[in-house]
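Student: the following block contains a protein sequence and its predicted model.
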Number of protein chains: 2
Amino acid sequence: MARQRKHNTEEMINMALVAAENLIIGGGLSQLSGRKVSAEIGYSVGSLYTVFENLDDLILQVNGRTLDAMRDAMLSALEGCETPEKCIKAMAYAYVEYACLNNGLWTAVYEHNLPKDTALPGWFAEKVDGMFLLVEMQLSSLQGLSQNKISEVAKTLWCGVHGICVLAATRKYEAANVAHVNPLVDGLITNYMAGIQLEIRGEKV
Amino acid sequence: MARQRKHNTEEMINMALVAAENLIIGGGLSQLSGRKVSAEIGYSVGSLYTVFENLDDLILQVNGRTLDAMRDAMLSALEGCETPEKCIKAMAYAYVEYACLNNGLWTAVYEHNLPKDTALPGWFAEKVDGMFLLVEMQLSSLQGLSQNKISEVAKTLWCGVHGICVLAATRKYEAANVAHVNPLVDGLITNYMAGIQLEIRGEKV
DNA sequence: GAGGTTAATTGAACACCGTTCAATAATCAA
DNA sequence: TTGATTATTGAACGGTGTTCAATTAACCTC
């Protein structure tokens, strides 16, 4: 029979992802390297390539976990919210808070781009879509919006929230904190949703 | 006297930036390297470091030129527009068009992050701010908005537009084209501005 | 226990990368 | 022709992602 594994595949992947996350938290995506990760988990470089296709694969899985964590934060934020708009705002605040508090991990999600010829794997796209679906769920309890419109509104709202966070992250010195970002997010959702309500009622400004 | 230069500093910088842009257009930021740039312009690697501080500096200057080009596109789009809202939409469409048509260069702007301990240079931050100022200028002809509010609205709107483009760029396969993105942008501006108009008038939905 | 089979793990090798800096090359003044 | 000056070079350093023959450790069989 064959040599015994020090850890099974799942354990190894998990250890590697944790090590990678710590490197990213410590110094951003640029501080991540396969050799550092492998050294951290007590394996040689080559072993990394037995559980990951390549380093892009590893990063993608780190980012997948980050998206999961954000999703969890958003779901927790839903508890006790009253109206669709308030629920969406609660999720947006949770998103902002996560992005500000876990800046390294959050930045890695959108900083990492696959080579031009490589397609984004389906499971990753689904995680991104999942966040939009959370918003859509809230919108679906509003009367007068077609499914297409709901999908459009969710995309627009969430892209807006994300864009605001991106700007805040760029301007590290002055604006990457919840207190500064939340008012913008609040204004976006309040006013955009007001416009949508008018549209539903067929009124014009 | 001293040895004669093959090109003066300005020429060298320009040649290097053009070469770098072509590399980014061809295969994204990951395909850029100092050695490739220097080979392309007929210099050795070392010479690059006589006109750029390091590779981050070079990339930052490429991104600066991209921001300039986007600004130019936005200014051109302003010709003939009638109302503030229409003018903002015209600029947004120009932004979307540039991002879709010059995806490599546009992606490089937000994909590139300086190391954690390095501050974004002032001249770069100013170029970013300049785009927000273009939006603010349009808003300033609206009655009833304080300067603070104008600044907030401009940030929110433009972050929203940017966020929508980011999502489109992520989903390369289905959505990175003007026809798909413009309706979202249009809806964002229309509805958010409707909400702002209501706020000005002190009405509620 | 010895030998064989199997598969996990290694680490050296390859071709690249950013960055530095002593050495070289090219120019003009004396 | 020599010296001074400065633009330019390219080898060197320590890092990177990735591959893969060689090694190692486990078990089964004899």
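Tutor: Structure's in. What do you need? All figures in this text were calculated on a predicted structure; none of them were measured in a lab.

Student: helix or strand right after the helix or strand of chain A with the lowest mean pLDDT?
Tutor: Lowest by mean pLDDT, DSSP states H and E among the helices and strands of chain A is helix A:172-175, with a mean of 54. Heading C-terminal from helix A:172-175, the first helix or strand you meet, by DSSP states H and E, is helix A:178-201.

Student: count of residues packed around A:Leu29?
Tutor: Around A:Leu29 there are 19 other residues, counting by other Cβ atoms under 10 Å in any protein chain shown. In short, each C-beta sits where N, CA and C put it, glycine included.

Student: same thing with A:Gly163?
Tutor: Using other Cβ under 10 Å, A:Gly163 is surrounded by 26 other residues.

Student: could you do A:Glu126 as well?
Tutor: Neighbours around A:Glu126, by other Cβ under 10 Å: 12.

Student: what strand or helix carries it?
Tutor: helix A:122-139.

Student: show me what that helix is packed against.
Tutor: helix A:55-77, helix A:84-101, helix A:147-170 (3 or more Cβ pairs under 8 Å, 6 or more residues apart in numbering or on different chains; DSSP states H and E).

Student: which of the ones you listed sits closest to DNA strand C?
Tutor: helix A:55-77 (12.9 Å; Cβ to the nearest atom of the strand).

Student: now do the closest one: which elements does it pack against?
Tutor: helix A:9-27, helix A:34-40, helix A:84-101, helix A:103-111, helix A:122-139.

Student: now do the contacts for the residue nearest to A:Cys165 when sequence neighbours are not counted.
Tutor: Spatial nearest neighbour of A:Cys165, chain neighbours left out: A:Ala99 (4.5 Å); criterion: Cβ to Cβ, 6 or more residues apart in numbering or on different chains. Applying Cβ atoms under 8 Å, 6 or more residues apart in numbering or on different chains, we find A:Ala99 in contact with A:Trp106, A:Cys165, A:Ala168, A:Ala169.

Student: so whatever residue of chain A ends up closest to DNA strand C, which state does it fall into?
Tutor: Per Cβ to the nearest atom of the strand, A:Gly46 is where chain A lies closest to DNA strand C, at 2.0 Å. With DSSP: H, G, I helix; E, B strand; the rest coil as the basis, A:Gly46 sits in helix.

Student: kindly report the residues of chain A close to DNA strand D.
Tutor: Listed as neighbours of DNA strand D in chain A under the rule Cβ under 7 Å from any atom of the strand: A:1-4, A:32-36, A:45-46, A:49, A:54-56.

Student: picking up where we left off before, just how off-centre is the helix holding A:Glu126 within its chain?
Tutor: How far helix A:122-139 lies from its chain's middle: 10 Å, per Cα atoms, centre = their mean, to the nearest Å.

Student: tilt between that helix and helix A:103-111?
Tutor: 100 degrees (axes from the mean of the first three to the mean of the last three Cα atoms, to 10 degrees).

Student: ok, and for helix A:122-139, which residues are buried?
Tutor: A:Phe124, A:Lys127, A:Val128, A:Met131, A:Phe132, A:Leu134, A:Val135, A:Glu136, A:Gln138, A:Leu139 (16 or more other Cβ atoms under 10 Å in any protein chain shown).

Student: mind putting these into TSV with pLDDT and distance to DNA strand C?
Tutor: What follows is the buried residues of helix A:122-139, written out as TSV (pLDDT from 0 to 100; distance: Cβ to the nearest atom of the strand, whole Å):
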residue	pLDDT	distance to DNA strand C
A:Phe124	96	26
A:Lys127	96	28
A:Val128	94	30
A:Met131	95	34
A:Phe132	96	36
A:Leu134	97	38
A:Val135	98	39
A:Glu136	97	42
A:Gln138	97	45
A:Leu139	97	45
